[in-house]
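Asker: Please find the sequence and the predicted model below.
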Amino acid sequence: MEHPVLTLGDTDATVARGISALTRAGGAGDDSGAGRSPHAVLAFADLRDDSRHAAKERLRALATLAAVETKRYPEIRHVVFIVLLPPRHAAAFDRIASRLGGRLHAEVERSNARDVEVTFLDASSCGDVAALTERLLDRCDDPVGQHGVVVLEWDDIRDHSIRRAAHDQYL
């Protein structure tokens, strides 16, 4: 299956290897890769060496870039942030990601008049890049309009899809 995605941020991070390999092979990528506009933005951020303030600013900058891309490519229906965090930032991640995701979701809905799902995933404990890649591509194919904004950790999706983890979180 073809997965037209646009990658942003730290695409050389360990957790981005699977997606980056597909991008280079033409199985995923930006609008030039498969001849189709991207349906999702995958934004990678390795924040392990950043201060809490710097990490927050980098996430904001990535969210701004993602918002611009949703205007450029109206087919985008998912924006997924995959982050690597130091343990000292893990406690604040849910709060920061929820706020930022809510703002991005509302901004895209207001300015583009369409729904875009925003997912934040703390992949710090991910040891299986192939499974992560599978989960991300599966998320890119999900129908939109189910959850709006969801914040997850690798443990939430280790054994099943992001969609199921998001659904479980809302129950």
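Answerer: Sure thing, it's come through.
Asker: Can you give me the buried ones in stretch 80-94?
Answerer: By neighbour count, with 16 or more other C-beta atoms under 10 Å as the criterion, the buried positions of stretch 80-94 are 80-85, 89, 93. C-betas here are computed from N, CA, C, even on glycine.
Asker: Flag the shaky bits of the chain, pLDDT-wise.
Answerer: For the chain, applying pLDDT under 70 flags the ranges 1-3, 23-35, 145, 171.
Asker: any chance you could map the strands in it?
Answerer: 5-9, 40-46, 78-84, 117-122, 149-153 (DSSP state E).
Asker: May I have the strands that pair with the first one, each with its orientation?
Answerer: Neighbouring strands of strand 5-9 in its sheet, by DSSP bridges, are strand 40-46 (parallel).
Asker: How far off centre is the strand it pairs with?
Answerer: Centre-to-centre, strand 40-46 and its host chain are 5 Å apart (C-alpha atoms, centre = their mean, to the nearest Å).
Asker: Dump the buried residues of stretch 80-94 into a markdown table; add distance to residue 37 as well.
Answerer: Converted to a markdown table, these look like this (distance: C-beta to C-beta, whole Å):
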| residue | distance to residue 37 |
| --- | --- |
| 80 | 17 |
| 81 | 20 |
| 82 | 21 |
| 83 | 25 |
| 84 | 28 |
| 85 | 31 |
| 89 | 34 |
| 93 | 31 |
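Asker: Can you tell me the closest non-neighbouring residue to the most centrally placed residue in the chain?
Answerer: Residue closest to the average C-alpha location in the chain (C-alpha atoms, centre = their mean): residue 80, at 1.4 Å. Nearest non-adjacent residue to residue 80, counting by C-beta to C-beta, 6 or more residues apart in numbering: residue 119, 4.5 Å away.
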